[in-house]
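Chemist: return atomic coordinates for the entry below.
(one chain, ligands or ions: 1)
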Amino acid sequence: AVWRALLLGVLLALPGLAPAGEDRSGFVRVEGTRFMLDGKPYRFAGANFWYGAYLGTADGIGDRERLRAELDQLKAAGIDNLRVLAMSEASGFKRGVDPAIMTVPGPLHEGVFDEALLQGLDVLLDEMARRDMKAVLYLNNFWQWSGGMSQYVSWFTGEPVFDPDETGDWNGFMQNSARFYAIPEAQKLYRDVIRTVITRRNSVNGRAYADDPTVMSWQLANEPRPGSDADGHPNFPAYRQWIHDTAGYIRSLAPKQLVSTGSEGAMGSLRDDDLYIIAHATPNVDYLTFHLWPSNWSWIDHDDPAARLESGLETSLAYIDRHIDIANKLDKPTVLSEFGLNRDGGSYDPASTVTARDRFYRAIFARLLERARAGDAIAGSNFWAWGGRGRTTNPDFMWKTGDPFTGDPPQEPQGLFSLFDSDASTLQLVSEHARAMEMLD
Ligand SMILES: O=C1NC[C@H](CO)[C@@H](O)[C@@H]1O
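Modeler: Prediction:
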């Protein structure tokens, strides 16, 4: 028996000699409510790194030395699942990132792309592959900070962009973004974008994206919503069909990789658990996502997170439990793929304290680990967001073209939610949670 065990151990250690049927491809798979990777459950505590492809772009826009140094720092901390923006649209938004990966569409409504920025994504994926990291890539944005759906709507209606940073009308903006789901020409261009990215061959390592196990999954968009909470219900059928059809299209191009929507959960589904379930029941969606934004959702105060921290935490933990219960019911893994909290006193200063934030992260991680230990469908999380060495020197803390990137996109003060490389206490919490999640059987 000992010799047989030893021999089996040796055989298993040899690549390609795993037991029949065991997948050693390096691709993340779904088995019921669990991710599997090379024959073992895959659980993680990762980060949002929306600007990763921008950092990989040739110097002048990017900063490849910073990228390599910060990927090393994240990998050393065990933070090796990164959620990244894979497409941005040239826009007229006051607070849209510039430059954009996609410029104005061609005369036949075909996509026109900035090859230098696509090469930035190549560099990012190659550097992540070298560090055995996993990427979750989103291909659009419900919000304005990368152009996104509202820019498509402007391109194909001829109307000027509906800019919430000019009008302050966020409900009107959300309804305008949701028009995207039902404009055929917009969907045609979006399919062109999806095909361009997924069928791309990495210019650094020659690997086809769809054959690269570094890519764990493709997300339809960042935080796609049916529309505004008050007026979005009539859009829901088009939204649901868009999820089903687009997820099916992505799967047809990338059958080895996973597909998720990028949803916030019920708060991004007209505040209705049932609509979230209906929209995500399609077999074309491999796993669920939900986000947690207590200060954006007014459960905790932006300018003083300590004031209502305990009640806000209670509401946050209930939101987490509800979404894990939904994933159990749908028999799909779920990932808390965004969560964040302000610095003490609502400061943006990297030197300010983060007592409330550390309490929040610690409580969230304890709940995720507890539910994962119990065998529930929670498979991982990605905090929002890695800010690394990015710092602003602007008196208004707002990003301008050419500035260093932080975890806060251009529409928000630089330092609002970023976890900077100097935030050692919070980074330690993430690192400890990452190791605890990885050690679960
Ligand atoms: O996807 C997102 N969710 C919340 C972040 C912080 O407000 C925001 O920057 C981003 O648009």
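
Chemist: can you get me a residue count around the residue lying closest to residue 22 once chain neighbours are set aside?
Modeler: Nearest non-adjacent residue to residue 22, counting by C-beta to C-beta, 6 or more residues apart in numbering: residue 39, 4.5 Å away. From N, CA and C alone the C-beta is placed, and that goes for glycine too. Per other C-beta atoms under 10 Å, the neighbour tally for residue 39 reads 13.

Chemist: roughly how far apart are residue 39 and the ligand?
Modeler: Using C-beta to the nearest ligand atom, to the nearest Å, one gets 33 Å for the distance from residue 39 to the ligand.

Chemist: isn't that residue right up against residue 25?
Modeler: No - look at residue 39 against residue 25 with C-beta atoms under 8 Å: they stay out of range, at 10.3 Å.

Chemist: if we can go back for a sec, do you know the pLDDT at the residue nearest to residue 22?
Modeler: On pLDDT, residue 39 comes in at 94.

Chemist: which of the helices and strands in the chain ranks last by mean pLDDT?
Modeler: helix 2-13 (a mean of 57; mean pLDDT, DSSP states H and E).

Chemist: from residue 176, how far off is residue 231?
Modeler: For residue 231, the distance to residue 176 equals 11 Å [C-beta to C-beta, to the nearest Å].

Chemist: when the two are compared, which one has more neighbours?
Modeler: Comparing residue 231 with residue 176 by other C-beta under 10 Å, the one with more neighbours is residue 176, at 23 against 15.

Chemist: before we move on, what SS does the more buried one have?
Modeler: Using DSSP: H, G, I helix; E, B strand; the rest coil, the structure places residue 176 in helix.

Chemist: shouldn't it be in contact with residue 152?
Modeler: No - applying C-beta under 8 Å as the test, residue 176 and residue 152 come out as separate, 10.7 Å apart.

Chemist: what residues does the protein have near the ligand?
Modeler: Within the chain, the positions near the ligand by C-beta under 6 Å from any ligand atom are 143, 222, 223, 293, 296, 338, 384, 409, 412, 417.

Chemist: just the buried members of those residues?
Modeler: Neighbour counting with 16 or more other C-beta atoms under 10 Å marks 143, 222, 223, 293, 296, 338, 384, 409, 412, 417 as buried within the residues of the chain next to the ligand.

Chemist: quick check: phi and psi on the fifth one?
Modeler: Dihedral angles phi and psi of residue 296 (degrees, to the nearest 10) take the values phi -70, psi -30.

Chemist: got a list of what it touches?
Modeler: Residues counted as contacts of residue 296 (C-beta atoms under 8 Å, 6 or more residues apart in numbering): none.

Chemist: try 10 Å
Modeler: Going by C-beta atoms under 10 Å, 6 or more residues apart in numbering, residue 296 touches 264, 267, 302, 340, 342, 416, 417.

Chemist: now, those that are in helices?
Modeler: With DSSP state H as the criterion, helices contain none of these.

Chemist: which ChimeraX command selects the buried ones in the residues you listed?
Modeler: For the buried members of those, the matching ChimeraX selection, counting by 16+ other C-beta under 10 Å, is:
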select :264,267,340,342,416,417
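
Chemist: as JSON lines, the contacts of residue 296 with pLDDT would be great.
Modeler: Shown next, in JSON lines, are the contacts of residue 296 (pLDDT from 0 to 100):
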{"residue": "264", "pLDDT": "98"}
{"residue": "267", "pLDDT": "98"}
{"residue": "302", "pLDDT": "98"}
{"residue": "340", "pLDDT": "98"}
{"residue": "342", "pLDDT": "98"}
{"residue": "416", "pLDDT": "98"}
{"residue": "417", "pLDDT": "98"}
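
Chemist: tabulate the contacts of residue 296 (a markdown table), appending distance to residue 109.
Modeler: As requested, these are exported to a markdown table (distance: C-beta to C-beta, whole Å):
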| residue | distance to residue 109 |
| --- | --- |
| 264 | 30 |
| 267 | 33 |
| 302 | 40 |
| 340 | 36 |
| 342 | 41 |
| 416 | 36 |
| 417 | 36 |
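
Chemist: between the contacts of residue 296, which is nearest residue 168?
Modeler: residue 302 (16.1 Å; C-beta to C-beta).

Chemist: next, give phi and psi for that closest one.
Modeler: According to degrees, to the nearest 10, residue 302 has phi -50, psi -40.

Chemist: surely residue 294 and residue 312 touch.
Modeler: Yes - using C-beta atoms under 10 Å, residue 294 makes contact with residue 312 at a distance of 4.5 Å.

Chemist: any regions of the protein where pLDDT drops low?
Modeler: 1-21 (pLDDT under 70).

Chemist: now do the residue nearest to residue 389 when sequence neighbours are not counted against residue 231, distance only.
Modeler: Of all residues not flanking residue 389 in the chain, residue 421 sits nearest, at 5.3 Å (C-beta to C-beta, 6+ apart). Note on residue 421: its distance to residue 231, by C-beta to C-beta, is 42 Å.
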